[in-house]
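Asks: Here is the input, now give the coordinates:
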Amino acid sequence: MPELPEVEVVRRGLDRWISGRTVASVVVYHPRSVRRHAAGPDDFAAQLAGRALGPAQRRGSTCGCRCPAPAAR
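Replies: Below you'll find the model as predicted:
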């Protein structure tokens, strides 16, 4: 398991490259990876495409980012 300082370095690097960028397209290679998305892999991909990525975040040794919902028109 990586040490927390190493994970923080990865988070900072991710943040520099992904924060504010837009997801162009999504490919779900295996439905198990999105098994908690009740509407299925195709809906997951459609919901994520076009969204802007938020800042990279760290929780313990896991890195991720939020994808805020697009503003309603």
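
Asks: CA atoms for contacts and neighbours, from now on please.
Replies: Fine.

Asks: Name the residues that touch the helix ranked longest in the chain?
Replies: Across the chain, the helix with the greatest residue count (assigned by DSSP state H) is helix 4-18. With C-alpha atoms under 8 Å, 6 or more residues apart in numbering as the test, helix 4-18 has contacts from 53, 54, 55, 56, 57, 58, 60, 61, 62, 63.

Asks: Tell me which helix or strand comes right after it.
Replies: Toward the C-terminus, helix 4-18 is succeeded by helix 41-48 as the next helix or strand (DSSP states H and E).

Asks: ok, residue 62 - how many residues close by?
Replies: The local packing of residue 62 (other C-alpha atoms under 10 Å) involves 12 other residues.

Asks: Neighbours of the residue nearest to it when sequence neighbours are not counted, how many?
Replies: Distances taken as C-alpha to C-alpha, 6 or more residues apart in numbering place residue 7 nearest to residue 62, at 7.6 Å, with adjacent residues excluded. For residue 7, the tally of surrounding residues (other C-alpha under 10 Å) stands at 18.

Asks: now swap in residue 9 and tell me
Replies: As a measure of burial, residue 9 has 11 neighbours, counting by other C-alpha under 10 Å.
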